[in-house]
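A.B. asks: Quick check, what structure comes out for this input:
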Amino acid sequence: MTDATRPTTEITLLGRGYVIACPPEEQDKLERAARYLDRAMSGIHSQNNLMGTERIAIMAALNIAHELLEALDAQRAGESNLDALSTRLERALVDTPQR
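C.D. replies: The predicted structure follows:
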């Protein structure tokens, strides 16, 4: 597929439009991600409107990466807790006398 025939989607970040190559079945996810990124960038821009767009994008990316890593850490901790509870339950069932 050539670039001219590749499906695209237009997104807006800080009021500027960008055309992104994207399969139609992924369009909703791309638009959702773009809205999230735009909100993050807008928040940074509102705190310091002298900062350039590239720097705002980098700061937003770092903030989002931090959020992702925190969520992954929390998920891993939750999975670890579930594994521990499952192990305790299995031991309790083995130790329970049969009738």
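A.B. asks: ranges for the helices of the protein?
C.D. replies: 27-47, 53-95 (DSSP state H).
A.B. asks: Could you identify which of those is most buried?
C.D. replies: Each of those was scored by mean neighbour count; the highest is helix 27-47, a mean of 14, by mean count of other Cβ atoms under 10 Å. Using the backbone N, CA and C atoms, a C-beta is placed for each residue, glycine as well.
A.B. asks: Residue 6 contacts residue 21, doesn't it?
C.D. replies: Yes - taking contacts as Cβ atoms under 8 Å, residue 6 lies within contact range of residue 21: 4.9 Å.
A.B. asks: could you dump the helices of the chain to TSV with distance to residue 17 and mean pLDDT?
C.D. replies: Shown next, in TSV, are the helices of the chain (distance: least, Cβ to Cβ, whole Å; pLDDT from 0 to 100):
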stretch	distance to residue 17	mean pLDDT
helix 27-47	10	97
helix 53-95	13	95
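A.B. asks: Distance to residue 10 added to the ones you listed, as CSV?
C.D. replies: Listed next are those as CSV, based on distance: least, Cβ to Cβ, whole Å:
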stretch, distance to residue 10
helix 27-47, 9
helix 53-95, 17
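A.B. asks: how far away is the nearest residue to residue 57 once chain neighbours are set aside from residue 29?
C.D. replies: Residue nearest to residue 57 in three dimensions, not counting chain neighbours: residue 41, with 6.3 Å by Cβ to Cβ, 6 or more residues apart in numbering. Separation of residue 41 from residue 29 (Cβ to Cβ, to the nearest Å) stands at 18 Å.
A.B. asks: go on, residue 71?
C.D. replies: Residue 71 sits 17 Å away from residue 29 when distances are taken as Cβ to Cβ.
A.B. asks: again, but for residue 77
C.D. replies: Residue 77 sits 27 Å away from residue 29, going by Cβ to Cβ.
A.B. asks: Also residue 89?
C.D. replies: Residue 89 is 37 Å from residue 29, by Cβ to Cβ.
A.B. asks: returning to what we had before: do I have it right that the residue nearest to residue 57 meets residue 15?
C.D. replies: No - using Cβ under 8 Å, residue 41 makes no contact with residue 15, being 10.1 Å away.
A.B. asks: Quick check, central residue of the chain?
C.D. replies: A centroid search over the chain (Cα atoms, centre = their mean) returns residue 68, at 5.8 Å, as the residue closest to the centre.
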